[in-house]
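Engineer: have a look at this fold, sequence not included:
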């Protein structure tokens, strides 16, 4: 029977086979760590509608991208999902493979060569005998902001683009998929909080975070461990939380984390 069924890869509690009874003052350090290299993709769901002969069939898109993808890589995956999903639509008399051009998102550069800014442009999809273009309708506000659009005006601008048959609509701001994590912070409740930059936290070690789309494990051994005083002389459980520099738990895709801790008596 599992003692802690709510354990995850990045947040877990281990029950020691034999409780530790420490006499005097002790410190602990991370000596070795194994961790998965593959991370869960970020999932997005998108719907868009097509006005055609009085009908409004809905196209649903589910697509994934990795946290460390750049904007161009993410748009490529999104466009592939849009292109594949338009085959779901049932439009009488339309050869979907030949006649229907799905909407597409592209990244452009604008401005002077030395001060160029990247912007996302949504190009309208087309049906041969329909006057109005086909635009994706994003309901995910986080994703709308990531593309560089304004949440407050995106819906109205999209409606205007459809009503006036615009060929494309451009984001007013540069795209930003958010901070990419490069570090893994190993937190544990067995130590006292200590200063880490300008905050106080129970961090045992900070580890460079490598990513690969594979099932292999990353591995680090520390020849110069950093020791921190333990909070209690009796330790029965050890709680570990693995977060990135944004404070979010790391989204490991699969596998396990292995930590080797070294205790030493200081007094």
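Structural biologist: Noted; the coordinates are in hand. Predicted model, so just to flag it, every value in this text is computed and none were measured.
Engineer: note down every partner strand of the lowest-mean-pLDDT helix or strand in the chain and its orientation.
Structural biologist: Sorting the helices and strands of the chain by mean pLDDT, DSSP states H and E puts strand 42-49 at the bottom, at a mean of 70. Taking DSSP bridges as the criterion, strand 42-49 forms sheet pairs with strand 58-65 (antiparallel), strand 136-137 (antiparallel).
Engineer: name the SS class of residue 156, please.
Structural biologist: Using DSSP: H, G, I helix; E, B strand; the rest coil, the secondary structure recorded for residue 156 is helix.
Engineer: check what pLDDT it gets.
Structural biologist: Residue 156 is assigned a predicted lDDT (pLDDT) of 88.
Engineer: and it, how many neighbours?
Structural biologist: Close neighbours of residue 156, defined as other CB atoms under 10 Å, add up to 10. The C-beta positions use only the backbone N, C-alpha and C, and glycine is treated the same way.
Engineer: what's near enough to touch residue 232?
Structural biologist: residue 190 (CB atoms under 8 Å, 6 or more residues apart in numbering).
Engineer: what do you get if the cut-off is 10 Å, keeping everything else the same?
Structural biologist: Neighbour list for residue 232: 20, 22, 26, 189-191 [criterion: CB atoms under 10 Å, 6 or more residues apart in numbering].
Engineer: separation between the nearest residue to residue 253 once chain neighbours are set aside and residue 11?
Structural biologist: Here the nearest residue to residue 253 in space, its sequence neighbours aside, is residue 38; by CB to CB, 6 or more residues apart in numbering that works out to 4.2 Å. For residue 38, the distance to residue 11 equals 18 Å [CB to CB, to the nearest Å].
Engineer: likewise for residue 145?
Structural biologist: Taking CB to CB, one finds residue 145 at 28 Å from residue 11.
Engineer: what does residue 234 give?
Structural biologist: Residue 234 sits 23 Å away from residue 11, going by CB to CB.
Engineer: where does pLDDT dip in the stretch 1-150 of the chain?
Structural biologist: Flagging of the stretch 1-150 of the chain using pLDDT under 70 yields the residue ranges 1-2, 48-57, 86-99, 128-131.
Engineer: where along it do the strands fall?
Structural biologist: Shown for the stretch 1-150 of the chain, the strands assigned by DSSP state E, counting those that start in this stretch span residues 11-21, 26-36, 42-49, 58-65, 104-110, 117-123, 136-137.
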